[in-house]
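> predicted coordinates and the sequence they were generated for:
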Amino acid sequence: MNKLIIAIDGFAATGKSTQAKRLAKALDYTYVDTGAMYRAVTFFALEQEPKGSVDLKLLCRSLDQIKIHFEGSAGKQQTFLNGVNVSQAIRDPKINEYVSKVAAQEAVRSFLSKQQKALGADKGIVMDGRDIGTVVFPLAECKFFLTATPEVRAKRRHQEQLQAGLQESYDEVLSSVKDRDNQDTNRAFAPLIKAEDAVEIDVSDLTINEVFELLYAQVQKRIN
Ligand code: CDP
């Protein structure tokens, strides 16, 4: 069967990963969470700096010390940094605070996008992020751009964080989500922007299943 590259981009906490995982499972494709890669690099940067901040220059000089890999299938994928499972650690609010600054570095982006391109070389892949349809796979057969109001997204992320035992308030989550959107949209390299040929979906008033049905129908159209 005709294997595709499916790119899902969009704002923070729009449910990109949830949808990407479901699509990958339904199609028996590989799933790649590029946000987890930027988060893992941010984790590395925070470990590098004993003062609990990041030294962007030092980080950019140290990229050759970073090895990221994934294990497990779409539903239960785990992220490893230099052989250590960091899947939980990279969801910490401290990572949210720094990840967009790290992701704005040209050296970091070129380091990771090279690896992302290689992961998609054989197609049959669902990749979610911010620049997948624009920079990593501008020729992807199927592109989506997910949006929702900041309040809906913050509510969703706040719920997820509570379930994971994290203590941020709704207001803190809302401000962190808005702040990241702002940084991601306004950076010089590979900013968050809808690819011209991406299908835009506002998920504010849709259930997870409804969004999935919309995405799946579009994918089937491309496959046939
Ligand atoms: O899950 P959520 O939408 O909160 O974020 P994520 O997908 O885990 O991405 C975390 C951060 O990584 C984003 O806010 C971006 O700064 C950066 N990122 C990026 O710049 N490019 C990508 N392809 C993926 C993530």
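Sure, I can see it.
> what's the helix or strand for Tyr31?
strand 30-33 (DSSP states H and E).
> by contact count, what packs against that strand?
Counting contacts by 3 or more CB pairs under 8 Å, 6 or more residues apart in numbering; DSSP states H and E, strand 30-33 is packed against helix 16-27, helix 106-119, strand 125-129. C-beta here means a position set from N, CA and C on the backbone, and glycine is covered the same way.
> are stretch 156-175 and the ligand in contact anywhere?
No. For stretch 156-175 and the ligand, the contact criterion (CB under 6 Å from any ligand atom) is not met; the two come no nearer than 6.7 Å.
> centre of the chain to that stretch, how far?
The chain centre lies 18 Å from the centre of stretch 156-175; the measure is CA atoms, centre = their mean, to the nearest Å.
> what of stretch 73-84?
Centroid separation between stretch 73-84 and its chain, computed with CA atoms, centre = their mean, is 14 Å.
> now swap in stretch 77-96 and tell me
The answer for stretch 77-96 is 13 Å, by CA atoms, centre = their mean.
> for it, measure first residue to last.
Terminal residues of stretch 77-96 are spaced 20 Å apart (CA to CA, to the nearest Å).
> can you check stretch 193-209 too?
End-to-end for stretch 193-209, by CA to CA: 25 Å.
> do that stretch and the ligand meet?
No. Judged by CB under 6 Å from any ligand atom, stretch 193-209 stays clear of the ligand, getting no closer than 11.5 Å.
> nearest to Gln163, out of the helices and strands packed on strand 30-33?
helix 16-27 (13.5 Å; CB to CB).
> what angle do strand 125-129 and the closest one make with each other?
With axes from the mean of the first three to the mean of the last three CA atoms, to 10 degrees applied, the angle from helix 16-27 to strand 125-129 works out at 180 degrees.
> next SSE downstream of the strand holding Tyr31?
helix 34-48.
> can you name the next helix or strand after that following helix?
helix 56-61.
> that next one packs against which elements?
Secondary-structure packing of helix 56-61 (3+ CB pairs under 8 Å, 6+ apart): helix 34-48, helix 93-103, helix 106-119.
> now that helix: buried residues?
For helix 56-61, the neighbour count (16 or more other CB atoms under 10 Å) marks 56, 59 as buried.
> give me the sheet partners of the next helix or strand after it and which way each runs.
Moving toward the C-terminus from helix 56-61, the next helix or strand (DSSP H and E) is strand 68-71. Paired neighbours of strand 68-71 in the sheet (DSSP bridges): strand 78-81 (antiparallel).
> re earlier: quick one: the strand holding Tyr31 near the ligand?
No. Against the ligand, strand 30-33 shows no contacts by CB under 6 Å from any ligand atom, the least distance being 6.8 Å.
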